[in-house]
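Asks: Fold the following for me, if possible:
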Amino acid sequence: MPPPSLVLPLKVPVRHDLTQPLSEWLDSEENPATYQDTNAEGNLSWIVPKPSFKSTDCREEILRLAGLRNTLSDILQESHKASLESRSLEDCNEYHATLLEFEKRGFPTVDEESNGVALTWRGAFSTRSEETHYSLLYDRACTLWNVAALQSYVASTADLTTKDGCKMTISLSQSAASILSTLRQLVENEDYMTVDLSKSLLAFWEKLLLAQGQLCIYRMSNLGGSTVRQHTTLAYLVQAAASIYNEALSAAQDPRLESELPKQAKEWGVHCKNQSLICQSRAVFHIAIEHRLQKEHGQEIARLRQCVQTLKEAHGFVKTSAVQSQLQEVEGLVKMATDRLKHAEEDNRKIYLDEVPRDLPEIRAQTMVKQNQPLAPTMTVTKAPMFAFVS
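Replies: Numbering: from 1, shown residues only. Reported below is the predicted structural model:
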């Protein structure tokens with residue numbers, strides 16, 4: 001049974017036509033101050049003066065930016081599927097690239113109400129919660145969030161029984177996690193009230209997506225069975241997934257998340273704990289198989305006992321938790337490991353007489369999922385050249 005994947009919810013922008021406020025701001029003789037800007041990775045990199053040109057010079061660009069935002073206001077809904085059917089991912093990518101072009105030219109990136117550019121977005125975890133800022137950076141931050149959310153959804157729909165499905169999930173999980181890393185850097189020095197863009201929440205989702213990607217790497221490597229040499233590698237891969245799930249668990253236990261999102265934080269914590277225990281037990285079981293193939297019967301029994309103990313802990317945790325979607329998987333693994341242990345102990349007692357060690361070395365984690373990838377060109381380069389009149 002494929003492991004359950006969590007999906008990042010969408011943020012929805014409240015419609016606000018940017019044409020008039022951006023034109024008025026650009027044509028105003030007031031506030032010629034410089035504006036700090038950021039590069040595509042979210043780091044402060046340069047200071048750009050307010051543009052010297054007027055709104056009539058860049059009317060086409062302003063209309064394009066405003067049109068993209070209005071489109072997102074119409075097509076971004078709570079349903080990922082419905083939003084994707086309206087090409088929301090492509091429009092989010094293009095809107096982000098267009099925002100970058102405007103920031104490079106000196107358009108508002110300082111959160112001042114006098115800009116007149118009132119940008120409002122609903123909260124991802126409470127649609128009744130809204131937050132307004134007066135900087136294009138806020139729109140770019142929320143757009144980065146939505147690209148990651150849409151990618152996480154598409155990743156969750158892949159057929160993990162096929163190599164192509166696993167590859168798609170791995171690629172999208174890595175991309176979404178990297179986007180959240182960029183977002184975390186972008187908002188590091190900003191003052192946002194909603195928990196959506198908090199350091200703790202972004203860190204949790206980044207780690208969770210990496211864990212889901214790493215687990216899928218293990219699943220792809222395990223498709224169609226394994227050779228003798230592969231079992232150790234499989235153990236290392238799934239042990240790495242367990243470690244990343246533990247990191248996500250720690251992030252989910254942040255006091256702010258437990259205070260502002262108590263229900264979600266509890267469910268996330270339970271999910272990560274369950275997945276970590278299951279991944280650990282799978283790693284131990286693969287090592288046990290390796291010992292059996294090498295005719296190291298005492299070590300096989302020791303690992304199987306460790307596996308059964310971990311699975312029983314997972315089974316008890318799942319049964320007492322509010323989230324029991326993994327119960328069937330755990331029960332299947334418990335039966336498999338228990339049956340194998342029973343036969344191994346019987347064979348050793350009657351035939352092999354190997355000593356069963358008490359101390360076992362830790363299983364090494366081999367992390368293969370990629371982190372901190374650059375943003376895709378579709379997010380940084382507009383489909384059509386902009387501001388061609390500027391030298």
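
Asks: Quickly note the distance from S259 to S198.
Replies: The spacing between S259 and S198, counted by CB to CB, to the nearest Å, is 11 Å. In short, each C-beta sits where N, CA and C put it, glycine included.

Asks: cool, and A124?
Replies: 11 Å.

Asks: same question, I287
Replies: 39 Å.

Asks: Give me the more crowded residue out of those two.
Replies: I287 (26 against 19; other CB atoms under 10 Å).

Asks: list the contacts for the more buried one?
Replies: Going by CB atoms under 8 Å, 6 or more residues apart in numbering, I287 touches 231-232, 235, 303, 363.

Asks: Can you give me every residue that contacts the nearest residue to S198 once chain neighbours are set aside?
Replies: Excluding the flanking residues, the one nearest S198 by CB to CB, 6 or more residues apart in numbering is R256, at 6.1 Å. Neighbouring residues of R256 by CB under 8 Å, 6+ apart: 195, 198, 200-201.

Asks: again, only using 10 Å
Replies: Residues near R256 by CB atoms under 10 Å, 6 or more residues apart in numbering: 195, 198-201, 265.

Asks: ditto for W25
Replies: Applying CB under 10 Å, 6+ apart, the residues near W25 are 18, 31, 50-51, 55, 107-108, 114-117, 134.

Asks: and it, what pLDDT?
Replies: Note on W25: pLDDT of 94.

Asks: Surely it is in a helix?
Replies: Yes - judged by DSSP: H, G, I helix; E, B strand; the rest coil, W25 forms part of a helix.

Asks: the helices in this protein, which residues?
Replies: 19-27, 59-75, 80-85, 88-104, 136-156, 163-186, 199-221, 230-252, 255-260, 262-293, 297-320, 327-347, 377-380 (DSSP state H).

Asks: can you list the residues that contact the shortest one?
Replies: So that's helix 377-380. 39-40, 89-90, 92-97, 99-101, 140, 143-144, 147, 175, 179, 182, 374.

Asks: how much distance is there from that helix to the middle of the chain?
Replies: Remark: helix 377-380 is offset 19 Å from the chain centroid, using CA atoms, centre = their mean, to the nearest Å.

Asks: Show the average pLDDT along it.
Replies: Computed over helix 377-380, the average pLDDT equals 97.

Asks: just the third one next, same as before
Replies: Per-residue pLDDT values across helix 80-85 average out to 96.

Asks: check contacts around E206.
Replies: Contacts of E206 by CB under 10 Å, 6+ apart are 148, 176-184, 247-248, 251, 371-372.

Asks: where in this protein is pLDDT low?
Replies: When residues are selected by pLDDT under 70, those of the chain lie in 1-4, 30-48, 127, 225-229, 322-325, 391.

Asks: Residue ranges of each domain in it, please.
Replies: 1-192, 198-374 (automatic domain parsing).

Asks: if I look at the closest residue in space to N93 that isn't next to it in sequence, how far off is L10?
Replies: For N93, ignoring the flanking residues on the chain, the nearest one in space by CB to CB, 6+ apart is T378 at 4.4 Å. Separation of T378 from L10 (CB to CB) stands at 19 Å.

Asks: Could you check which of those two is surrounded by more residues?
Replies: L10 (22 against 16).

Asks: which residues touch L84?
Replies: Applying CB under 10 Å, 6+ apart, the residues near L84 are 75, 90, 150, 153-154, 157.

Asks: nope, V7 is what I meant
Replies: Contacts of V7 (CB under 10 Å, 6+ apart): 80, 149-157, 176, 209, 212.

Asks: and the contacts of R256 as TSV, adding distance to L327?
Replies: Shown next, in TSV, are the contacts of R256 (distance: CB to CB, whole Å):
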residue	distance to L327
V195	30
S198	32
K199	33
S200	29
L201	28
A265	21
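
Asks: Of those residues, which is the most crowded?
Replies: L201 (27 neighbours).

Asks: surely it meets E260?
Replies: Yes - with contact defined as CB atoms under 10 Å, L201 reaches E260; the gap is 9.0 Å.

Asks: what touches both of these two?
Replies: In contact with both L201 and E260: 125, 194-195, 254, using CB under 10 Å, 6+ apart.

Asks: Which one of the residues you listed sits in the busiest neighbourhood?
Replies: Going by other CB under 10 Å, V195 tops those with 21 neighbours.

Asks: pretty sure that residue is touching S259, no?
Replies: Yes - V195 is within contact range of S259, at 9.0 Å (criterion: CB under 10 Å).

Asks: Show me the common contact partners of those two, please.
Replies: Shared contacts of V195 and S259 (CB under 10 Å, 6+ apart): A265.

Asks: thinking again about what came up before, now that we have the shared contacts of L201 and E260, can you turn them into TSV and tack on distance to V330?
Replies: Below are those laid out as TSV (distance: CB to CB, whole Å):
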residue	distance to V330
F125	28
T194	35
V195	31
D254	27
